[in-house]
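K.L.:
got a structure for you, letters missing:
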């Protein structure tokens, strides 16, 4: 079960998502949904709710890196997703300046690329690895400049929320 906070068009929502093959169990602000999900390619999906079919497109935002845009019923919605666990782990931001910074998995997924090796010197914001979650690729970036001490994931491995992917000193 993935628990997230999402800001959709400026309004905050609490979301829980659980995927079982083609079935998605979702809860949005206490309302429960059971949807069938079909990938039709190129970031497009069919969401099936009983006899109702919705065409949905999910893409990375061009205007706000790190955010996504969801098109549903012909309306585009800007969406900013936040993992509450990641926020809690990042609240001690000062530790990034003085000690090791850990890069954590934001949601369950599969590692599709490792962009650096242990021992590499990186700048703040440099790509470290890429995790695919729900058909979207998310580049995990260095929260600070430093040396990559360790990489804890390899291409093809599955990761869960909160897993340590890399450490930078």
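P.N.:
Received, thanks. All values reported here derive from a predicted model rather than from experimental measurement. Residues are numbered from 1 along each chain as shown.
K.L.:
Domain boundaries for the chain, per the record?
P.N.:
Residue ranges for the domains of the chain, per automatic domain parsing: 2-82, 91-168.
K.L.:
Turn those domains into TSV, including mean neighbour count.
P.N.:
C-beta coordinates here come from the backbone N, C-alpha and C atoms, glycine included. TSV is the format used below for the domains of the chain (neighbours: other C-beta atoms under 10 Å):
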stretch	mean neighbour count
domain 2-82	13
domain 91-168	16
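K.L.:
Dump those to a markdown table, plus mean pLDDT.
P.N.:
Output for the domains of the chain, formatted as a markdown table (pLDDT from 0 to 100):
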| stretch | mean pLDDT |
| --- | --- |
| domain 2-82 | 86 |
| domain 91-168 | 83 |
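K.L.:
And residue 128, how close does it get to residue 68?
P.N.:
Remark: distance between residue 128 and residue 68 (C-beta to C-beta, to the nearest Å) = 20 Å.
K.L.:
neighbouring strands for the helix or strand hosting residue 132, and are they parallel or not?
P.N.:
Per DSSP states H and E, residue 132 falls inside strand 127-133. The strands that strand 127-133 pairs with in its sheet are strand 109-114 (antiparallel), strand 136-141 (antiparallel) (by DSSP bridges).
K.L.:
What lies in contact with that strand?
P.N.:
Strand 127-133 is contacted from outside by 103, 105-116, 122, 137-142, 148, 151, 153, 159, 165-166, 168, using C-beta atoms under 8 Å, 6 or more residues apart in numbering.
K.L.:
got a list of what residue 32 touches?
P.N.:
If a contact means C-beta under 8 Å, 6+ apart, then residue 32 has 25, 26 as its contacts.
K.L.:
I'd like the distance between residue 31 and residue 134.
P.N.:
Distance of residue 31 to residue 134, computed by C-beta to C-beta: 20 Å.
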